[in-house]
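Asker: structure for the following, please:
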Amino acid sequence: MRENYKENNESVLKTLIERFDNMLDVNDRYFFDIEEFEEIIEHYIQAFDLVKAKKAIDYSLEQYPDNSSLLLKKAHFYILNHNIDKADEIIYFIQKTEPYNIDALLLKAEVFSQEKKYKLAIDIYKQILEINPDDDDVYIKLAFEYENIQDYKNAIKYLIKAIEIDSENTFVLFEISFCFDLINQPKKSLEFFKDFIDEHPFSEAAWFNLGNVYYNMQKYKEAVEAFDYVLAIDESYLSAYYNKADALMSLGKYDDAIEVYKESFNYEHPDALIYCCIGECYEKNLEYKTAIYYYNKSIEKDESFSDAWLRKGIINSELENYDVAIKYLMKAIKLDPNSLEYKYSLADIYVKINDFAKAVNLYSKIAEADPYDIDIWLDYSDVFAKENNYKKAFDIILKGINFQPDNPALLFRVAAYLLKLKNNKLAYRYLELALILDKNNINQLFDYLPESKSDRNILKMIDSFKD
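Answerer: The predicted model follows:
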């Protein structure tokens, strides 16, 4: 019944718009009642055809010059054109005689929001809710204003009120999930979606968001189960296939992930990203030939898809085809020159072939761009250590420690370099700091500098940290 009603409304609107367009074409004047004008104007505003919206507004006010609903349509038009002063004049005029006109209040709140007076907009939306406490759309608008002032807890509060009124509004469910993410409260997000599902077990959007919460909490098995429920409700829900496959990859179940990706082909032809993801599954299984086949399929779909070039480069590096690997990585960097990951991978290859000058050039740029990446300081300094230039290696790692003074990995490494420089006294001081921060990872020193295992002072220091 609802679908028939909707189709009938769409048919009536289509006829109405055709009639208005025909009137404009023949430069005539037809009669429309107020409700018809409202529908015509709203249609053009929604279509963002502001030229015809303006014509409809002007013509409507010729017939009904004092009608507040049509005047508010004109105010809305001014808002869309960022002509706030004129919109404000109309709203003020209407509020003098109709102070509780909800449409006028809504537009006034919108004006305040455009002027970035978010707290004033909040006050008006709350005023509207005192008049009509069951308007879910107003709760959503109110939540957005709280988001504008980064008060995500209150945003969640009002989004929940909106979803209590209309449980089928999937947009609100996604917005609730988004806000929980912003305030880093996965447990509360989990609790909300579990409770919501208890009341609405066939909400695929709720199950999908629950799966995402589990995924972000690294509970991949539970994420897979949630995505399975999504697909049980709606087997064509593409994002559930992709996210399920991603969760399976995180579990190391690459064959299962491949199967899920391929199941999605029944509902949409794969794009470059999906082919690349399948290729990565085969790569993780060390099936390099098949992986490259899918990376090539990805590139066939979109030659500018840089990740496929990257993965081809990495596989060729693993196969020690370094010239080919470098060529592919250079292609990836050309496509995405801002990617630090691509430059990092290329630098690693230069290290493998002992082209340290090129590696250092790349590592230095990466360290400058992202000085809080621990690994870059370890790898950057290690290039100099490979050349037995421990003084330079020490200088580099010290720069990293300046950015992250409490990082044990960097402290273990600086101790190693100092031991190689025969500056044992300072090395022991750094090692003690590292052990205070992370006494269980002494192997970070031993694996890098095996001879340190026989240093009696180090062994004695380790014993002092045992429980």
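
Asker: number of nearby residues for residue 394?
Answerer: Residues within reach of residue 394, counting by other Cβ atoms under 10 Å, total 21. C-beta coordinates here come from the backbone N, C-alpha and C atoms, glycine included.

Asker: tell me what the strand or helix carrying residue 137 is packed against?
Answerer: Using DSSP states H and E, residue 137 maps to helix 136-148. Applying 3 or more Cβ pairs under 8 Å, 6 or more residues apart in numbering; DSSP states H and E, we find helix 136-148 packed against helix 102-114, helix 118-131, helix 152-165, helix 170-182.

Asker: buried set for the third one?
Answerer: This means helix 152-165. Across helix 152-165, burial judged by 16 or more other Cβ atoms under 10 Å covers 152, 154, 155, 156, 158, 159, 161, 162, 163.

Asker: distance of the residue nearest the centre of the chain relative to residue 424?
Answerer: In the chain, the residue lying closest to the centroid (Cα atoms, centre = their mean) is residue 178, at 9.1 Å. Distance of residue 178 to residue 424, given as Cβ to Cβ, to the nearest Å: 53 Å.

Asker: what pLDDT does residue 52 get?
Answerer: Residue 52 is assigned 88 on the pLDDT scale.

Asker: so it, which of the three states?
Answerer: helix (DSSP: H, G, I helix; E, B strand; the rest coil).

Asker: what's the neighbour count on the closest residue to it other than its chain neighbours?
Answerer: Leaving aside its sequence neighbours, residue 52 sits nearest to residue 44 (Cβ to Cβ, 6 or more residues apart in numbering; 4.6 Å). Residue 44 has 21 neighbouring residues, counting by other Cβ under 10 Å.

Asker: mind listing what residue 44 touches?
Answerer: 50, 52, 53, 56 (Cβ atoms under 8 Å, 6 or more residues apart in numbering).

Asker: for it, pull up the helix or strand it's in.
Answerer: helix 34-46.

Asker: quick check: residue 400 vs residue 377, distance?
Answerer: 3 Å.

Asker: residue 167 contacts residue 201, doesn't it?
Answerer: No. Assessed by Cβ atoms under 8 Å, residue 167 is found out of contact with residue 201, at 11.5 Å.

Asker: looking at these two, which has the bigger crowd around it?
Answerer: residue 167 (16 against 11).

Asker: for residue 3, give me the pLDDT.
Answerer: Per-residue confidence at residue 3 stands at 48 (pLDDT).

Asker: and the one 4 residues further on, by the same measure?
Answerer: Among the per-residue scores, residue 7 holds a pLDDT of 52.

Asker: hmm, back to that, next one: the residue nearest to the centre of the chain from residue 213, what distance?
Answerer: 11 Å.

Asker: chain neighbours aside, what residue packs nearest to residue 378?
Answerer: That would be residue 413: by Cβ to Cβ, 6+ apart, it lies 5.8 Å from residue 378.

Asker: check the contacts of residue 44 and tell me the two furthest apart.
Answerer: 50 and 56 (10.4 Å; Cβ to Cβ).

Asker: which one of those two has more residues nearby?
Answerer: For residue 50 versus residue 56, neighbours defined as other Cβ under 10 Å are more numerous around residue 56 (28 against 14).

Asker: list the contacts for the more buried one?
Answerer: Residue 56 neighbours (Cβ under 8 Å, 6+ apart): 20, 37, 40, 41, 44.

Asker: how about these in CSV, adding pLDDT and distance to residue 407?
Answerer: Putting the contacts of residue 56 into CSV (pLDDT from 0 to 100; distance: Cβ to Cβ, whole Å) gives the following:
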residue, pLDDT, distance to residue 407
20, 87, 67
37, 87, 66
40, 89, 64
41, 89, 61
44, 88, 59
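
Asker: returning to that earlier point: for the helix holding residue 44, list every residue counted as buried.
Answerer: Within helix 34-46, the residues scored as buried using 16+ other Cβ under 10 Å are 36, 37, 38, 39, 40, 41, 43, 44, 45.

Asker: re earlier: now the residue nearest to the centre of the chain: how far from residue 155?
Answerer: 9 Å.

Asker: what does residue 237 give?
Answerer: Taking Cβ to Cβ, one finds residue 237 at 26 Å from residue 155.

Asker: what's the domain layout of this protein?
Answerer: 269-368, 371-467 (automatic domain parsing).

Asker: measure the residue nearest to residue 167 when sequence neighbours are not counted to residue 230 for me?
Answerer: Leaving out its chain neighbours, the residue that sits closest to residue 167 by Cβ to Cβ, 6+ apart is residue 200, at 5.4 Å. Counting by Cβ to Cβ, the separation of residue 200 from residue 230 is 13 Å.

Asker: cool, residue 243 as well?
Answerer: 9 Å.
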